[in-house]
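Student: Output the structure for:
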Amino acid sequence: MSRVGDFTLGDFWGLRPDELPEQQERGVSLLMVNTPHASHIFDRLPLGRQSFPPERAIAGNPRLASPIAPPSDRTAFFASYALEPFDEVRKKFFRLPSLPVRIASKALSPEAKAKIKEKLK
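Tutor: Got it, this is the predicted structure:
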């Protein structure tokens, strides 16, 4: 996987409950070392570490493999933002997902979400 930066920092989503259970309570950080220069720096840092294959990180965070597509109304948003008060623009463009979708996003693992998406195709 080719990355622009030396490091990629994020949250490590999708760990099984038996993996790093004491850390999962507070959240587990992901630090990907992308270049030889980063590897040299990383080796000198006094950090606790646990290695996982990159595929595991990508499974829990697909944006590591490909960027999210810009929203279809992005151009309209910025055109409105240039002319209208932000509160009006916010009301026009930002809507909360439905309650079931918000609950599912908090309660389901990435694997469960992927299975549901596959069934809905």
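Student: in this structure, which helix or strand is least confident?
Tutor: helix 21-24 (a mean of 68; mean pLDDT, DSSP states H and E).
Student: so who does residue 31 touch?
Tutor: If you count contacts by Cβ atoms under 8 Å, 6 or more residues apart in numbering, residue 31 has them with 7-9, 42, 47. Glycine gets a C-beta too; all of them are placed from N, C-alpha and C.
Student: For the protein, which segments are assigned as helices?
Tutor: 21-24, 36-43, 54-60, 74-83, 86-93, 99-107, 110-120 (DSSP state H).
Student: Most tightly packed of those?
Tutor: For these, the largest average neighbour count (mean count of other Cβ atoms under 10 Å) is found in helix 54-60, namely a mean of 16.
Student: which helices and strands does that helix pack with?
Tutor: strand 29-33, helix 110-120 (3 or more Cβ pairs under 8 Å, 6 or more residues apart in numbering; DSSP states H and E).
Student: Quick check, central residue of this protein?
Tutor: Among the residues of the chain, the one closest to the centroid is residue 61, at 4.8 Å (Cα atoms, centre = their mean).
Student: do you know how far the closest residue to that residue other than its chain neighbours is from residue 93?
Tutor: Leaving aside its sequence neighbours, residue 61 sits nearest to residue 13 (Cβ to Cβ, 6 or more residues apart in numbering; 5.5 Å). Distance of residue 13 to residue 93, computed by Cβ to Cβ, to the nearest Å: 27 Å.
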